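Engineer: coords below, sequence missing:
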């Protein structure tokens, strides 16, 4: 069964850190670009960070640059998001999602067809 | 970065109505456009990709069209279970940004 399962969310004080994890199963994780998307309460979907299939390229939305780090461990089929210096602007449900893939030397742009169930991050003093 | 703009931001229609939601990209994205449905408290669900290809298991009353910068999602006959927020997403390049969403309600 193809699935993504997030963990690591919780309630923290401003300025503190959290690390989110996303465990993948049912597909060749190392062939896919992976993303973190967040949704603040009552708001829309916002792309947060992306990592290429081989981990060589990482991208961040402006509001998290320098604070968040995306990484992957293909041996564990797991995606991570290290979130430092959390602010009151960061509370949201954080989803991991599967993006495009590479096969036989060719990479294909694909929509986010598989999503995790989401993990809630709350920032409050 | 390419901006995605949806209209309308909210919509109320009667069961059986034909409903159309539009999405405009600030630059040409070819056919790299997807539509998602999100019901309250649920994970977004992929409905359509490559602008017009229906994801497996999605009812045929949903359809998509367009290319370049202008795209539409159409529900041919609105059903009560279609109440949700709909998002477009472009995925031709990083970032794979989303539109702001269209909230669809039943009259």
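Structural biologist: Everything's here; your move. Everything numeric in this text was worked out from a predicted model, so none of it was measured.

Engineer: Would you mind naming the residues that bridge with the residue in chain B positioned nearest to chain A?
Structural biologist: Nearest residue of chain B to chain A: residue B:34, at 3.5 Å (C-beta to the nearest C-beta). For every residue, glycine as well, the C-beta is placed using N, CA and C. Assessed by DSSP bridges, residue B:34 has beta-bridge partners residue B:89.

Engineer: wait, isn't it in contact with residue B:89?
Structural biologist: Yes: assessed by C-beta atoms under 8 Å, residue B:34 is found in contact with residue B:89 at 4.6 Å.

Engineer: Can you pull the residues that touch both of those two?
Structural biologist: A:111, A:112 (C-beta atoms under 8 Å, 6 or more residues apart in numbering or on different chains).

Engineer: more neighbours, the two?
Structural biologist: More crowded of residue B:34 and residue B:89, by other C-beta atoms under 10 Å in any protein chain shown: residue B:34, with 27 against 24.

Engineer: list the contacts for that one?
Structural biologist: Taking C-beta under 8 Å, 6+ apart as the test, what residue B:34 contacts is A:111, A:112, B:46, B:47, B:48, B:49, B:50, B:88, B:89, B:90, B:91.

Engineer: Looking at those, which are in helices?
Structural biologist: Per DSSP state H, helices hold no members of the contacts of residue B:34.

Engineer: now, the most widely separated pair of those residues?
Structural biologist: Across the contacts of residue B:34, the longest distance by C-beta to C-beta is 15.0 Å; it joins B:47 and B:90.

Engineer: any idea how far the most centrally placed residue in chain B lies from residue B:68?
Structural biologist: For chain B, the residue lying nearest the average C-alpha position, counting by C-alpha atoms, centre = their mean, turns out to be residue B:35 (3.7 Å). According to C-beta to C-beta, to the nearest Å, residue B:35 and residue B:68 sit 16 Å apart.

Engineer: Kindly report the residues of chain A close to chain B.
Structural biologist: Residues of chain A found near chain B (C-beta under 8 Å from any C-beta of the partner chain) are A:35, A:37, A:44-47, A:50, A:57, A:59, A:61, A:95, A:99-100, A:109-113, A:115-118.

Engineer: Would you write a PyMOL line that selects the buried entries of those?
Structural biologist: Command for PyMOL, covering only those of the residues of chain A next to chain B found buried under the criterion 16 or more other C-beta atoms under 10 Å in any protein chain shown:
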select buried, chain A and resi 35+37+44+45+46+47+50+59+61+95+99+100+109+110+111+112+113+115+116+118
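
Engineer: Among the residues of chain A next to chain B, name the ones in helices.
Structural biologist: Using DSSP H, none of the residues of chain A next to chain B sit in helices.

Engineer: quick one: furthest residue from the center of chain A?
Structural biologist: residue A:104 (25.4 Å).

Engineer: Partner strands of the biggest strand by length in chain A and their direction?
Structural biologist: Counting residues, the longest strand found in chain A (DSSP state E) is strand A:92-103. If you go by DSSP bridges, strand A:92-103 pairs up with strand A:32-39 (antiparallel), strand A:106-108 (antiparallel), strand A:114-115 (antiparallel), strand A:119-123 (antiparallel).

Engineer: what about residue 16, neighbour count?
Structural biologist: As the question left the chain open, I've gone with chain A. 12.

Engineer: um, chain B though
Structural biologist: So residue B:16, with other C-beta under 10 Å, has 9 neighbours.

Engineer: Isn't it up against residue B:77?
Structural biologist: Yes: look at residue B:16 against residue B:77 with C-beta under 8 Å: they come within range, at 5.4 Å.
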